[in-house]
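In: Got a predicted structure plus its sequence, pasted below:
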Amino acid sequence: MRIGIVPHTGKETAMDLSRELAHILDQRGVEHRVILAPSRDNLAHVDLVIVLGGDGTLLNTARLASHVQVPVFGVNVGHLGFLTEVETDGLFPALDRLLAGEFTIEKRMLISASIEREGREIASHVALNDFVVTRGTFARIIEFSIFADGQPVADYVGDGVIVATPTGSTAYSLAAGGPIIEPLLESICITPICAHSLAARSVVIRPEVEVQIRLNRASESVMLTIDGHDGFPLLTGDRVTIRRAGQWALFARLGDRGFFQVLHSRLRMPQMGGGIREA
């Protein structure tokens, strides 16, 4: 088995742990590489990626690894760790099981977005958590319409809208008042952000449904953000079409803790609410 090691380069603990992990793999004669800047190309040369960081590092790596269908294993060197499998003290006990192949592969749904301007597609992206159309700090409120398979859902005036996967339901969508969705339940969740309407509510739809956001009025600082990591500027008249992606994010799981166990512990934390974006 070829192991890729992706540490959070801004965390000293993660970098120290990556060096210790590489040393142990050297001693065991296991082929490995430390990947400081993960990409589709360098992730394609390993069989399993061990990510040392928080959910932000894991989100970015899992999204990139999905293009080459390589599973990731998360070690929590952050705060929340909704996606990570073990804490730092559990890494080396888990390593024996990983090398022995004693793990399962969990598939998480991804969504893709295409941006259309004046009838032409100008960009496309893939997200594991969410796509967010949001205004800048000093921008005015934006007006947009939501459609599901071409049928009108709602017209909103507000700060924006979040289109999330079940994985992303415990991130920004939750902080904006959206529901918690079990991560293996395939669906798409639409949550308005600070909509100027008491009737504005989240809508959860089937994964086969195509969601379209049409910007009816927007300032220059309106952005489409991808997993809270990358951004793309939007203009009035732009259309963002979001659908289930053609690939899956793959996670290596040992089965020692489940989603509800993690949820129970994390919901008691005072920093809950969007914390899954922590790097």
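Out: Perfect, I can see it now.
In: now whichever strand or helix holds residue 264, how far from the chain's geometric center?
Out: Residue 264 is located in helix 259-266, with elements delineated by DSSP states H and E. When C-alpha coordinates are averaged (CA atoms, centre = their mean, to the nearest Å), helix 259-266 and its chain have centres 18 Å apart.
In: Output it as CSV, restricted to C-alpha atoms.
Out: Taking Å, rounded to 0.1, in the frame of the first residue of the first chain, the C-alpha atoms of helix 259-266 are listed here in CSV:
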residue,chain,number,x,y,z
PHE,A,259,-21.8,10.2,13.2
PHE,A,260,-24.3,10.5,16.1
GLN,A,261,-21.6,9.9,18.6
VAL,A,262,-19.5,12.7,17.1
LEU,A,263,-22.6,14.9,16.8
HIS,A,264,-23.5,14.4,20.5
SER,A,265,-20.1,15.5,21.6
ARG,A,266,-19.7,18.4,19.1
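In: Report all helices and strands that that helix contacts.
Out: Judged by 3 or more CB pairs under 8 Å, 6 or more residues apart in numbering; DSSP states H and E, helix 259-266 is in contact with no other helix or strand. For glycine as for every other residue, the C-beta is placed from the backbone atoms N, C-alpha and C.
In: domains of the protein?
Out: The record's domain parsing of the chain by automatic domain parsing lists 3-103+254-277, 110-245.
In: Turn these into CSV, including mean neighbour count and mean pLDDT.
Out: Formatted as CSV, the domains of the chain follow (neighbours: other CB atoms under 10 Å; pLDDT from 0 to 100):
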stretch, mean neighbour count, mean pLDDT
domain 3-103+254-277, 18, 88
domain 110-245, 18, 92
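In: ranges for the helices of the stretch 101-250 of the chain?
Out: Remark: helices assigned in the stretch 101-250 of the chain by DSSP state H, counting those that start in this stretch are 172-175.
In: Just to be sure, residue 56 is in a strand?
Out: No - checked against DSSP: H, G, I helix; E, B strand; the rest coil, residue 56 lies outside a strand; its state is helix.
In: wait, doesn't it sit right on residue 78?
Out: Yes - counting by CB atoms under 8 Å, residue 56 does reach residue 78; the two are 7.4 Å apart.
In: list the helices and strands the longest helix along the chain packs on?
Out: Scanning the chain for the helix with the most residues, using DSSP state H, yields helix 12-28. When contacts are defined as 3+ CB pairs under 8 Å, 6+ apart, helix 12-28 packs onto strand 3-7, strand 32-34, strand 48-53, helix 91-99.
In: any chance of these in CSV, with distance to residue 180 too?
Out: Converted to CSV, the helices and strands packed on helix 12-28 look like this (distance: least, CB to CB, whole Å):
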stretch, distance to residue 180
strand 3-7, 28
strand 32-34, 35
strand 48-53, 23
helix 91-99, 27
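In: The ones you listed: which one's closest to residue 194?
Out: For residue 194, the closest of the helices and strands packed on helix 12-28 is strand 48-53, at 30.3 Å, according to CB to CB.
In: Tell me the strands beside that closest one, with direction?
Out: Applying DSSP bridges, strand 48-53 is found paired with strand 3-7 (parallel), strand 72-76 (parallel).
In: Show me what the last one is in contact with.
Out: The one in question is strand 72-76. 17, 48-55, 58, 61-62, 65, 81, 83-88, 90-91, 94, 98, 103, 249-252 (CB atoms under 8 Å, 6 or more residues apart in numbering).
In: Specify the next element, helix or strand, located C-terminal of it.
Out: Next element after strand 72-76 (DSSP H and E): strand 86-87.
In: So what are the sheet partners of that next one and their directions?
Out: Assessed with DSSP bridges, strand 86-87 is paired to strand 72-76 (parallel).
In: Please, where are all the strands along the stretch 151-279 of the chain?
Out: Secondary structure of the stretch 151-279 of the chain (DSSP state E, counting those that start in this stretch): strands at 151-158, 160-164, 188-193, 203-205, 211-217, 223-226, 230-233, 239-253.
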